[in-house]
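Trainee: Quick one: sequence and predicted model below, then my questions.
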Protein chains: 2
Amino acid sequence: MDETAAAEAFAALAQETRLRVFRLLLRHGPAGLPAGDIARRAGTPANTMSTHLAVLSRAGLVQARRESRQVFYAVELTGIRALVAFLVEDCCGGRPGACAPLLDAALPLACCGPVTGDRA
Amino acid sequence: MDETAAAEAFAALAQETRLRVFRLLLRHGPAGLPAGDIARRAGTPANTMSTHLAVLSRAGLVQARRESRQVFYAVELTGIRALVAFLVEDCCGGRPGACAPLLDAALPLACCGPVTGDRA
DNA sequence: TCCATACTTCCAGAATGCCAGAATGATGGA
DNA sequence: TCCATCATTCTGGCATTCTGGAAGTATGGA
């Protein structure tokens, strides 16, 4: 992940509809939701939503898979992880402790309970 | 942190110069850097950089403090933490394990070494 | 008081993004 | 083959953002 890719991902999340959709998909996990459902839930025309979903997809934040006539969108976990990792890498010049309160408790717990400790 | 505030923060990071500046400040920790230094390092006119810094500041990602004639900018740790926490809250509908590989190892280690476990 | 330094605000042109109507694919049933 | 459904692409109007020159606002030294 380089600066351009990260900026693109942040831009994708910088729009309220897209941010809401991303979080909606996050709640639905790997199964995802069909594009039509997403549009309906967001109260957005299908074509507009299609554009938003394309932006999220190009940014590597969601993934599309066709299933018969519907197209399901689901979060791309590696994408969001890479984005956050990129954002905070080299934090405080690598000096542990200088920014310890940054993200420690808030992040893993909010998502998936205590972390296991091994790499992803 | 609500959706509007989060979108504003992402928008602040969605611009390459600002993203580069934010990461630069992250490396400099709480001490921060004077606005002039930041502009010089980025190769950006002072007025343009001032606008960018104002955007980051309004988004709650950096904090300004005056010191004699200079204005130092430093990362706002609570801001970035709140942003990431908001982004992944309710991940997978609260079902631990469904998205376990999401961020566990990558994030805290990249920043500050093993987490302590207590709240910030 | 006068000047130099450091930074911010004002402004306008160029570029980019958002949005939804209309038209165009893709898929499956009759 | 024809039609209905689901989704994407095309298009143009509108709004926002980016950028830097010029002017304005603090701060401190002489």
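Mentor: On my side now, so go ahead.
Trainee: who touches stretch A:57-74?
Mentor: Contact partners of stretch A:57-74, identified using C-beta atoms under 8 Å, 6 or more residues apart in numbering or on different chains, comprise A:5, A:8-9, A:11-13, A:22, A:25, A:28-36, A:38, A:53, A:56, A:75-76, A:79-80, A:82-83. C-betas here are computed from N, CA, C, even on glycine.
Trainee: To clarify, my last question referred to stretch A:28-42.
Mentor: If you take C-beta under 8 Å, 6+ apart as the criterion, stretch A:28-42 is touched by A:17, A:20-21, A:24-25, A:45-46, A:48-50, A:53, A:62-63, A:65, A:67, A:70-75, B:92-93, B:95, B:98-99.
Trainee: Generate a ChimeraX selection restricted to the buried subset of the contacts of stretch A:57-74.
Mentor: The following ChimeraX line selects those of the contacts of stretch A:57-74 that are buried, judged by 16 or more other C-beta atoms under 10 Å in any protein chain shown:
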select /A:8,9,11,12,13,22,25,28,29,32,33,35,38,53,56,75,76,79,80,82,83
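Trainee: near DNA strand D too, which of the contacts of stretch A:57-74?
Mentor: When contact is defined as C-beta under 7 Å from any atom of the strand, the contacts of stretch A:57-74 meet DNA strand D at A:34-36, A:53.
Trainee: in chain A, which ranges drop under the pLDDT threshold?
Mentor: For chain A, applying pLDDT under 70 flags the ranges A:92-120.
Trainee: In a strand, A:Y73, correct?
Mentor: Yes. The assignment for A:Y73 by DSSP: H, G, I helix; E, B strand; the rest coil puts it in a strand.
Trainee: For it, which residues count as its bridge partners?
Mentor: Taking DSSP bridges as the rule, A:Y73 bridges to A:L33, A:A64.
Trainee: how near is it to chain B?
Mentor: 15 Å (C-beta to the nearest C-beta, to the nearest Å).
Trainee: and that residue, how many residues sit next to it?
Mentor: 25 (other C-beta atoms under 10 Å in any protein chain shown).
Trainee: I'd like to know how far it sits from DNA strand C.
Mentor: Distance, A:Y73 to DNA strand C, by C-beta to the nearest atom of the strand, to the nearest Å: 15 Å.
Trainee: So which residues on chain A come close to DNA strand D?
Mentor: Counting by C-beta under 7 Å from any atom of the strand, the positions of chain A adjacent to DNA strand D are A:34-37, A:39, A:46-47, A:49-51, A:53-54, A:64, A:69-71.
Trainee: element containing the residue in chain A that DNA strand D sits nearest to, please.
Mentor: Nearest to DNA strand D, among the residues of chain A, is A:G36, at 2.2 Å (C-beta to the nearest atom of the strand). Taking DSSP states H and E as the criterion, A:G36 maps to helix A:35-42.
Trainee: cool, A:H52 as well?
Mentor: Going by DSSP H and E, A:H52 is in helix A:46-58.
Trainee: can you tell if that helix touches DNA strand C?
Mentor: Yes. Counting by C-beta under 7 Å from any atom of the strand, DNA strand C is contacted by helix A:46-58 at A:47-48, A:51-52, A:55.
Trainee: just the buried members of the contacts of stretch A:28-42?
Mentor: Burial by neighbour count, 16+ other C-beta under 10 Å: within the contacts of stretch A:28-42 this picks out A:17, A:20-21, A:24-25, A:49-50, A:53, A:62-63, A:71-75, B:92, B:98-99.
Trainee: that older thread, in PyMOL, how would I select just the buried ones from the residues of helix A:46-58 next to DNA strand C?
Mentor: Listed next is the PyMOL selection for buried residues among the residues of helix A:46-58 next to DNA strand C, using 16+ other C-beta under 10 Å:
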select buried, chain A and resi 52+55
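Trainee: Redo the residues of helix A:46-58 next to DNA strand C as JSON lines? Include distance to B:V88.
Mentor: JSON lines is the format used below for those (distance: C-beta to C-beta, whole Å):
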{"residue": "A:N47", "distance to B:V88": "29"}
{"residue": "A:T48", "distance to B:V88": "26"}
{"residue": "A:T51", "distance to B:V88": "25"}
{"residue": "A:H52", "distance to B:V88": "20"}
{"residue": "A:V55", "distance to B:V88": "20"}
